[in-house]
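In: Output the structure for:
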Amino acid sequence: MLGFPAAVAAGYVPVKTFLDMPAEFSLGALPGWVLVDFAAYVLAGLVLLLGSVATLFRATAGAVLLGLGALLAIGALLTEPMSVGVPPARFADAMFTHGGFAMADRVGLAALAVLVLVLAFLPPTFRYLRYRTSVVPVLSGQGAYSSRSW
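Out: Predicted structure coming up:
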C-alpha cells in the first residue's frame with residue numbers, strides 16, 4: 001500500500017517542474033542529464049504504480065516491480081544533484097533552506113522508497129503473495145455430477 005504514495009511522490013517532481021517551465025522554454029533545451037533524471041522519476045512512478053496494482057491482485061511480480069520502482073526512485077534522487085551540476089551537500093543545503101514543498105516531497109519519496117524496497121523483498125511478503133486458497137466445489141457430495149443422476 002505504500003507504493004501508491006511513493007508513486008505520487010515520484011511523479012510530482014517532473015510534473016511540477018514541467019508546469020513551472022516558462023512557455024518559451026522547451027524540454028529539448030534542457031541538458032541531457034536533466035532529461036535522464038526526469039525520465040527516471042517518471043519511470044519510477046509508473047513502475048511503483050504498476051507494482052502496487054499488481055500486489056493488490058496478489059501477484060508475485062508486484063513485489064518485484066515495487067522493488068525495482070523503489071530502486072529507480074532512489075537512483076533518481078541521487079542523480080538529481082549531478083544533473084544540475086552542483087555538489088550533493090550544496091544541493092541538500094539549498095533544498096532544505098529554500099525547498100518548500102519540493103524538499104518535503106523529496107524527503108518523503110526517499111523515506112517511502114527505502115521502506116517500500118525493504119518491505120517488498122521481505123520473505124513474508126512473498127509468502128503472502130504466493131498463498132492461494134483452496135477451491136471448494138459448490139456442489140459436493142456423492143453423485144453430484146454423476147451421469148446416474150440424469
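
In: Please report the distance of the residue lying closest to I74 once chain neighbours are set aside from A10.
Out: What sits nearest to I74 in space, not counting adjacent residues and going by C-beta to C-beta, 6 or more residues apart in numbering, is A113, at 5.1 Å. In this view, the C-beta of every residue, glycine as well, is placed from N, C-alpha and C. As judged by C-beta to C-beta, to the nearest Å, A113 and A10 stand 8 Å apart.

In: Repeat that for P124.
Out: P124 is 25 Å from A10, by C-beta to C-beta.

In: Please identify which of these two sits among more neighbours.
Out: A count of neighbours by other C-beta atoms under 10 Å puts A10 above the other of P124 and A10, at 30 against 8.

In: Assign that one to helix, strand or coil.
Out: Secondary structure assignment for A10 (DSSP: H, G, I helix; E, B strand; the rest coil): helix.

In: contacting residues for the residue nearest the centre of the chain?
Out: The residue lying closest to the centre of the chain (C-alpha atoms, centre = their mean) is L48, at 2.3 Å. By C-beta atoms under 8 Å, 6 or more residues apart in numbering, the residues touching L48 are 3-4, 6-7, 10, 65-66, 69-70, 73, 116.

In: if you set the cut-off to 7 Å instead, what comes out?
Out: L48 makes contacts with 3, 6-7, 10, 66, 69, as judged by C-beta atoms under 7 Å, 6 or more residues apart in numbering.

In: Now do the worst-scoring helix or strand of the chain on mean pLDDT: distance to the chain's middle.
Out: Ranked by mean pLDDT, DSSP states H and E, the weakest helix or strand in the chain is helix 123-130, scoring a mean of 77. The chain centre lies 19 Å from the centre of helix 123-130; the measure is C-alpha atoms, centre = their mean, to the nearest Å.

In: Over to stretch 10-28?
Out: That offset, for stretch 10-28, works out to 20 Å (C-alpha atoms, centre = their mean).

In: Next, the buried residues of it.
Out: 10-14, 17 (16 or more other C-beta atoms under 10 Å).

In: Hmm, which of these is lowest in pLDDT?
Out: Lowest pLDDT among the buried residues of stretch 10-28: T17, with 77.
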